[in-house]
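Sequence plus predicted model, see below.
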Amino acid sequence: MLTLAIETTCDETAACVLRDGRIVSEAVYSQIALHRRYSGVVPELASRAHLEKINHVLRAALEGAGIGLPAGGKKFKKVFDAVAFSRGPGLPGAILVGRVAAQTAAKVFGAPLIGVNHLEGHLLACEFRKGRADARLKFPLAALIVSGGHTELWRAAGYGAYELLGRTRDDAAGEAFDKVARLLGLGYPGGPEVERLALKAGAKRPAFPRPFMDGGLDFSFSGLKTAVAYYLRDNPRPGAAARAAVCAAFQEAVADTLAAKAALACRKYGLRTAAAGGGVSANSLLRARMERACAEAGARAVFSEKKYCTDNAAMIALAAQRRLESGRGLRHSAEVDPDLEIESWKVGDADS
Ligand code: KG4
Ligand code: ZN
């Protein structure tokens with residue numbers, strides 16, 4: 001099964017050719033340098049940059065797989081079993097660029113178009129090991145999706161069978177990392193910067209609250225961010241050591257909260273696996289805390305290789321492939337939906 005996938009929901013323009021779960025070629029253009037001076041993603045700039053780069057990225061992925069574009073308006077029949085793209089959630093204009101490119105590619109190659117939920121992609125990215133989707137997820141599991149725009153906890157009974165257990169009521173975990181990095185005058189994206197600086201912290205650290213530890217499965221990170229802002233107001237002009245201490249204390253509060261909720265979901269629903277996906281799941285402290293908390297709950301924590309934690313097109317191609325394997329790939333919407341909720345495409349969906 002050969003799939004072409006496109007990812008443009010935020011600040012990476014990415015394309016991938018996947019054959020039977022093996023990555024044949026990938027191309028990505030990162031917009032990080034473009035957004036860095038604004039300390040965050042500027043939606044209009046993102047859409048324009050996607051538009052400028054998508055053809056180049058698509059062509060690079062195709063060429064990497066040894067697939068040329070048909071000349072003179074001719075169609076290639078049956079090159080791809082599907083062309084997939086992230087249909088949401090994400091930035092409306094950015095997603096639209098990916099959708100138009102995917103739709104065009106689907107027409108050119110005579111392949112069906114599949115709209116994938118970007119967050120489902122983040123979960124399935126856990127299956128990649130050295131370019132192959134060999135590390136199959138063991139369902140049922142708790143899925144912790146932690147990205148720049150989302151923090152959600154799901155119960156997953158199988159591929160395409162998802163139930164939302166909890167979500168953030170305000171800031172996403174990645175957003176909190178980015179905002180705290182900005183308060184400290186660090187670069188963008190903030191997560192890796194905070195993680196790097198935290199490594200230099202000594203034992204003396206400020207005490208920040210562990211947000212929302214009331215036994216529910218929702219999250220809240222804006223209070224923690226405010227606690228950091230107040231601390232910096234009361235302790236102005238921090239030196240390198242003080243900034244490192246703030247990073248370490250903040251990171252610990254986020255990691256402990258996320259780990260505790262993932263473990264709680266495992267306990268509550270008798271799940272033996274907790275899988276984390278999305279940019280924040282690249283964080284080493286989160287991984288360590290989640291492994292420990294889940295082990296105490298009788299569950300194994302699994303993660304994707306760090307490269308596939310952040311946005312990529314391989315995860316979108318894999319999500320489409322898993323859907324096609326189930327025989328339910330083509331009955332699904334391929335419309336852009338910036339606010340797309342996690343959806344169970346397996347349950348109650350007729351076979352095509
Ligand atoms: O999944 P992703 O690439 O894009 C979205 O779908 O949003 O996630 C990006 C987010 C950013 O907020 C970034 O600061 C955060 O993931 N991030 C991290 C780390 N690497 C990326 N947060 C904490 N620790 C990291 N190592
Ligand atoms: Zn993402």
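Cool, the structure landed. What you see is a predicted model; the values in this text were computed from it and never measured. Ligands and ions are numbered 1, 2, ... in the order given.

For residue 162, grab phi and psi.
phi -120, psi 140 (degrees, to the nearest 10).

swap in residue 247?
phi -60, psi -50.

hang on, it packs against residue 202?
No: counting by Cβ atoms under 8 Å, residue 247 does not reach residue 202; the two are 11.9 Å apart. Placement of C-beta: from N, CA and C, glycine included.

In terms of packing, which of these two has more residues around it?
Using other Cβ atoms under 10 Å as the criterion, residue 247 and residue 202 rank with residue 247 on top: 27 against 9.

tell me the pLDDT at that one?
For residue 247, the model assigns a pLDDT of 98.

so how far is residue 320 from it?
38 Å (Cβ to Cβ, to the nearest Å).

And for residue 30?
23 Å.

Run a quick neighbour tally on the one residue in the stretch 101-250 of the chain that gets nearest to ligand 1.
The stretch 101-250 of the chain approaches ligand 1 most closely through residue 191 (2.0 Å), counting by Cβ to the nearest ligand atom. Residues within reach of residue 191, counting by other Cβ under 10 Å, total 28.

Tell me if I'm right that it and residue 172 touch.
No: counting by Cβ under 8 Å, residue 191 does not reach residue 172; the two are 11.0 Å apart.

who has more neighbours, residue 30 and residue 320?
When residue 30 and residue 320 are compared for neighbours, residue 320 comes out ahead with 30 against 15, by other Cβ under 10 Å.

wait, isn't that one in contact with residue 113?
No: the pair residue 320 / residue 113 is not scored as a contact, 9.7 Å apart, by Cβ under 8 Å.

so what sits against both of the two?
Taking Cβ atoms under 8 Å, 6 or more residues apart in numbering as the criterion, residue 320 and residue 113 both touch 82, 84.

all helices of the stretch 1-150 of the chain, in order?
32-36, 43-64, 92-109, 118-124 (DSSP state H, counting those that start in this stretch).

Quick check: the gap between the closest residue to ligand 2 within the stretch 51-200 of the chain and residue 123.
The nearest approach of the stretch 51-200 of the chain to ligand 2 comes at residue 147, 4.2 Å away (Cβ to the ion). Going from residue 147 to residue 123 by Cβ to Cβ gives 11 Å.

what does the chain put close to ligand 2?
Proximity of the chain to ligand 2 is confined to 147, 311 under the rule Cβ under 5 Å from the ion.

Strands of the chain, start to end?
Assigned by DSSP state E, the strands in the chain fall at 2-7, 12-19, 22-30, 82-88, 113-117, 141-146, 151-158, 161-167, 273-277, 300-303.

Now residue 50: closest residue in space, sequence neighbours ignored.
Spatial nearest neighbour of residue 50, chain neighbours left out: residue 97 (4.0 Å); criterion: Cβ to Cβ, 6 or more residues apart in numbering.

Tell me the pLDDT of that neighbour.
98.

swap in residue 78?
So residue 78 comes in at 75 (pLDDT).

That one touches residue 110, doesn't it?
Yes: here residue 78 reaches residue 110: they are 6.6 Å apart, a contact under Cβ under 8 Å.

Neighbour count: those two, which is higher?
Between residue 78 and residue 110, counting by other Cβ under 10 Å, residue 110 is the more crowded of the two (14 against 10).

Kindly provide the distance from that one to residue 215.
53 Å.

Kindly report the same for residue 2.
Distance from residue 2 to residue 215, by Cβ to Cβ: 47 Å.

which of the two has more neighbours?
Higher neighbour count among residue 2 and residue 215: residue 2, with 19 against 7, using other Cβ under 10 Å.

So what sits opposite the more buried one in the bridge?
Beta-bridge pairing for residue 2 (DSSP bridges): residue 19.

surely it meets residue 21?
No: the criterion here is Cβ under 8 Å, and residue 2 misses it with residue 21 at 11.1 Å.

In contact with the residue of the stretch 251-352 of the chain found nearest ligand 2, which residues?
Using Cβ to the ion, the single residue of the stretch 251-352 of the chain nearest to ligand 2 is residue 311, 4.4 Å away. Taking Cβ under 8 Å, 6+ apart, we find residue 311 in contact with 7, 9-12, 14, 118, 279.

Skip the chain neighbours and tell me the closest residue to it.
Using Cβ to Cβ, 6+ apart, the nearest residue to residue 311 is residue 12, at 4.3 Å.

Near the one you found, how many residues? Count them for me, please.
21.
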